[in-house]
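Q: With the sequence up front, the predicted model follows.
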Amino acid sequence: MEKIRAINSDGPILLELRIKTGHRKNLGRSTRSTDENRKDFMHFLQ
């Protein structure tokens with residue numbers, strides 16, 4: 001997150017996330033839509 005905060009740009013940026021494949025055995029289903037999650041994540045980054 002420090003690298004994201006260090007960016008001082010008014011234009012769009014690309015955020016690449018590297019994740020592992022697979023999932024936890026006890027992973028439940030989401031109760032929120034992907035759009036809600038996207039909006040919350042974008043708000044968190046501001």
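A: Nice, thanks for sending it over.

Q: CA only for contacts and neighbour counts going forward, please
A: Will do.

Q: just for this protein, where's the confidence low?
A: Within the chain, the stretches with pLDDT under 70 are 1-9.

Q: ok, 50 please
A: For the chain, no stretch has pLDDT under 50.

Q: ok, now which ones touch the residue most central in space within the chain?
A: Within the chain, one residue has its C-alpha closest to the average C-alpha position: by Cα atoms, centre = their mean, that is residue 41, at 5.2 Å. Applying Cα atoms under 8 Å, 6 or more residues apart in numbering, one finds that residue 41 lies in contact with no residue.

Q: looking at the protein, which residue lies furthest from center?
A: Most distant from the centre of the chain: residue 25, at 22.1 Å, with distances by Cα atoms, centre = their mean.

Q: coming back round to it: secondary structure class for the residue nearest to the centre of the chain?
A: Put simply, residue 41 is helix when judged by DSSP: H, G, I helix; E, B strand; the rest coil.

Q: Could you report the distance from it to residue 35?
A: Summarising the geometry, the distance separating residue 41 from residue 35, computed by Cα to Cα, to the nearest Å, is 10 Å.

Q: cool, and residue 11?
A: Going from residue 11 to residue 35 by Cα to Cα gives 22 Å.

Q: what about the two, which has more around it?
A: Counting neighbours by other Cα atoms under 10 Å for residue 11 and for residue 35 shows that residue 35 has the greater number, 9 against 5.
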